[in-house]
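>>> Please find the sequence and the predicted model below.
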There are 2 protein chains.
Amino acid sequence: MRTKSEARRQAILDSATVVFRETGFERTSMAQICEHMGCSKATLYSYFESKEALFVEVVLQSTLGEFDALMASMDLQQQDFGAALEGFGRGLLNLLYSPHVQAVRRLVVADVGRAELGRRLYEAGPARGEAVVAEFLRDAMERGTLRRADPRVATRHLTGLLEAEWIDRFLFHVIEELDPASLNETVRRAVEVFLRAYAPEP
Amino acid sequence: MRTKSEARRQAILDSATVVFRETGFERTSMAQICEHMGCSKATLYSYFESKEALFVEVVLQSTLGEFDALMASMDLQQQDFGAALEGFGRGLLNLLYSPHVQAVRRLVVADVGRAELGRRLYEAGPARGEAVVAEFLRDAMERGTLRRADPRVATRHLTGLLEAEWIDRFLFHVIEELDPASLNETVRRAVEVFLRAYAPEP
């Protein structure tokens, strides 16, 4: 009955996603999720031990699959290193600024009382992504494409530059989406600045 | 009676500042602020429609003063341009990562339903700060200290680099404060990368 269980688990996650988005983490109850889905509380708790555990799954499921696909699409052997970084940058901003990831970021940031939840999400999300990109940059440093530096710091500088132009306007609700032409220009400028800053020493 | 109204409004802000600091945003009620000030709820609500709106005014008033002091302390004529940028960077991160600015950032990010409030805060906060820093960088470009580029974009790249190392860990509640030594190192690395990226063309 494994397949049936997984289908049920996924249905719970889908319901929870809708309810969390509509109601916010704090005000959502497990009872509301049961009601939305039409299942018993006992069934719900047999899949997820707590609202926090359910929330973490909702967040991770909606973002990790897409992030993995993005990283898998990065071609380390690509001739043009700048083009590879731009491809990563476009993928990252498309992911971060998509409405469902924006919604998840807001939920996490708002949830002030729960340091443990934040830490788990940070480890599974940004920290995990950072480790993958840092390996990519370390490799470029070893090949002499970039100057030697701390690959973790370089990764944060790269993502900081990519996010720099629009993050405040998203966080303050000044804009809700970014048109593809602006996104491409933003990525081109960020990668140009990154490559100048991390160019090999002459 | 305009003067009297403004005096009353300021008195409310002063009372609210005291109560928010003592009790924290979540646990403070409008009733407590009335009690501290000795006014009726009707009077309070005639000046501020909600606790959120009042909190935002309190924070803007306190952070804008600090930001203005920070900008005033930047010495355009300083011999060492890198040292001037590092001074700005330390001041900015100390401001952004102070508990009361963290608190308002969370409030703004979480408050999905109030786009108008977000826009007001963005215009009064980040956009206003950005304009001042962009003028500083434009001046450096005209003197040949930096290469020619869009000063607004350069400003966002600078602040993006300054925030890059810690912003996610603050937003995910992984850390609550940053020790001065780490802050200084972060600023030094960010300014070094910025200066490499925006060095004048040879």
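Looks like it came in fine. None of these values were measured; they are calculated from a predicted model.

>>> switch to C-alpha atoms for all contacts and neighbour counts from now on
Will do.

>>> Go ahead and confirm A:I175 touches A:I167.
No. At 9.7 Å, A:I175 does not count as touching A:I167 under the criterion of CA atoms under 8 Å.

>>> quick one, which of these two is more surrounded?
A:I167 (18 against 15; other CA atoms under 10 Å in any protein chain shown).

>>> Secondary structure class of the closest residue to A:P126 other than its chain neighbours, three-state.
Nearest non-adjacent residue to A:P126, counting by CA to CA, 6 or more residues apart in numbering or on different chains: B:D168, 7.4 Å away. Here B:D168 takes the helix state, with states given by DSSP: H, G, I helix; E, B strand; the rest coil.

>>> how is chain A carved up into domains?
A:1-49, A:51-197 (automatic domain parsing).

>>> Chain A against chain B: which residues are in contact?
A:106-110, A:112, A:114-115, A:118-119, A:121-122, A:126, A:153, A:156-157, A:159-161, A:163-165, A:168-169, A:171-174, A:190, A:193-198 (CA under 8 Å from any CA of the partner chain).

>>> What helix or strand is A:H100 located in?
Using DSSP states H and E, A:H100 falls within helix A:99-110.

>>> Check A:T63 too.
Applying DSSP H and E as the criterion places A:T63 in helix A:51-72.

>>> Please apply the same query to A:G87.
For A:G87, the element it lies in under DSSP H and E is helix A:81-96.

>>> Excluding covalently adjacent residues, which one is nearest to the residue nearest in space to the middle of chain A?
Centroid-nearest residue in chain A, with CA atoms, centre = their mean: A:T63, separated by 5.1 Å. Closest residue in space to A:T63, ignoring its immediate chain neighbours: A:V101 at 6.7 Å, by CA to CA, 6+ apart.

>>> neighbours of the one you found, just the number please.
17.

>>> That one contacts A:L64, correct?
No. Between A:V101 and A:L64 there is no contact under CA under 8 Å: 10.4 Å.

>>> Which residues does the helix-or-strand element of chain A with minimal mean pLDDT contact?
When each helix and strand of chain A is scored by mean pLDDT, DSSP states H and E, helix A:99-110 comes last, with a mean of 75. By CA atoms under 8 Å, 6 or more residues apart in numbering or on different chains, the list of residues contacting helix A:99-110 from outside reads A:21, A:24-25, A:59, A:62-63, A:95-96, A:118, A:176-177, B:106-107, B:109-110, B:112, B:171-173.

>>> Would you mark the buried spots in it?
A:H100, A:V101, A:Q102, A:A103, A:V104, A:R105, A:R106, A:L107, A:V108, A:V109, A:A110 (16 or more other CA atoms under 10 Å in any protein chain shown).

>>> how about TSV for those residues, with distance to B:A149 added?
Converted to TSV, those look like this (distance: CA to CA, whole Å):
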residue	distance to B:A149
A:H100	34
A:V101	32
A:Q102	30
A:A103	34
A:V104	35
A:R105	32
A:R106	33
A:L107	37
A:V108	36
A:V109	34
A:A110	36
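
>>> Just give me the closest of the residues you listed to A:G144.
A:V101 (35.0 Å; CA to CA).

>>> Just the CA atoms of the helix holding A:H100, as CSV, please.
Coordinates of each C-alpha in helix A:99-110 appear next as CSV, following Å, rounded to 0.1, in the frame of the first residue of the first chain:
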residue,chain,number,x,y,z
PRO,A,99,5.4,33.7,-6.4
HIS,A,100,5.6,30.5,-4.4
VAL,A,101,9.2,30.9,-3.2
GLN,A,102,8.4,34.6,-2.3
ALA,A,103,5.4,33.3,-0.3
VAL,A,104,7.6,30.8,1.5
ARG,A,105,10.3,33.3,2.2
ARG,A,106,7.7,35.6,3.8
LEU,A,107,6.4,32.8,6.0
VAL,A,108,9.9,31.9,7.2
VAL,A,109,10.9,35.6,7.9
ALA,A,110,7.7,36.4,9.7
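
>>> now it and helix B:99-110, what's the angle there?
150 degrees (axes from the mean of the first three to the mean of the last three CA atoms, to 10 degrees).

>>> May I see the buried residues of the next helix or strand after helix A:99-110?
Later in the chain than helix A:99-110, the nearest helix or strand by DSSP H and E is helix A:115-124. For helix A:115-124, burial by neighbour count (16+ other CA under 10 Å) applies to A:L117, A:G118, A:R119, A:L121, A:Y122.

>>> and if you look at stretch A:172-182?
Across stretch A:172-182, burial judged by 16+ other CA under 10 Å covers A:F172, A:H173, A:V174, A:E177.

>>> Dump those residues into a markdown table; add pLDDT as well.
Formatted as a markdown table, those follow (pLDDT from 0 to 100):
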| residue | pLDDT |
| --- | --- |
| A:F172 | 84 |
| A:H173 | 83 |
| A:V174 | 88 |
| A:E177 | 88 |
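
>>> In strands, which of those residues fall?
Using DSSP state E, no member of those falls in strands.

>>> Just the ones of those residues in helices?
If you go by DSSP state H, those have nothing in helices.

>>> from those, which single one is nearest A:D68?
A:E177 (22.5 Å).

>>> Pretty sure that closest one sits against A:L95.
No. Taking CA under 8 Å as the definition, A:E177 is not a contact partner of A:L95, at 11.4 Å.

>>> residues of stretch A:71-91 that come out buried?
For stretch A:71-91, burial by neighbour count (16+ other CA under 10 Å) applies to A:M71, A:M74, A:D75, A:F81, A:A84, A:L85, A:E86, A:G87, A:F88, A:G89, A:R90, A:G91.

>>> Dump those residues into CSV; add pLDDT as well.
Shown next, in CSV, are the buried residues of stretch A:71-91 (pLDDT from 0 to 100):
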residue, pLDDT
A:M71, 78
A:M74, 72
A:D75, 64
A:F81, 90
A:A84, 89
A:L85, 92
A:E86, 93
A:G87, 90
A:F88, 91
A:G89, 94
A:R90, 93
A:G91, 90
